[in-house]
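[1] Sequence and predicted model, in that order:
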Amino acid sequence: MKRKLPLVLKLIAAIIMLQTLFFKFTGAEESVELFTKIAGENEALVRIGTGVLELIASILLFTPKKTWLGALLTIGLMGGAIMSHITILGIVHNNDGGVLFLGAAITLIAGAILLFLSKRDIPLIGS
């Protein structure tokens, strides 16, 4: 199980982040509305930028010796998502039952565990 845990955590984090990209990149109404609440007139820039960063984080999670960097980026992105829910959107957004918030929390936890598990690969700290 020890050997499979990192793979399971990577898959969980990447699947959660990647499944939202379709909505972000196609300008789906729900995504535009959510990012308009967060970023106002900069909605498109923040929505697309967030999507690009989530794609990069997902790729880095599966890149040997760069998992730590993907995990760190994941933690930052999901920390921002959680703070947006707490301060602007609410835990439950558009009657979703808190699914977006829960997804962000699960992804943040997966990222934190992956960062801990890959601490040896972090330059200046790990060696």
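    Sure, I can see it.
[2] Counting neighbours, what do you get for L7?
    By other C-beta atoms under 10 Å, 11 other residues sit near L7. For the C-beta atoms, the positions are set from N, CA and C on the backbone; glycine is no exception.
[3] so where's the protein shaky on pLDDT?
    Of all residues in the chain, those with pLDDT under 70 make up the ranges 1-2, 126-127.
[4] residue boundaries of the helices in it?
    For the chain, the helices defined by DSSP state H occupy 5-19, 21-26, 29-39, 43-61, 67-84, 99-117.
[5] winner for burial among the ones you listed?
    Highest mean neighbour count of the helices of the chain: helix 67-84, a mean of 20 (counted as mean count of other C-beta atoms under 10 Å).
[6] one step back: JSON lines please, covering the helices of the chain and showing distance to I125.
    JSON lines is the format used below for the helices of the chain (distance: least, C-beta to C-beta, whole Å):
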{"stretch": "helix 5-19", "distance to I125": "18"}
{"stretch": "helix 21-26", "distance to I125": "31"}
{"stretch": "helix 29-39", "distance to I125": "32"}
{"stretch": "helix 43-61", "distance to I125": "17"}
{"stretch": "helix 67-84", "distance to I125": "9"}
{"stretch": "helix 99-117", "distance to I125": "11"}
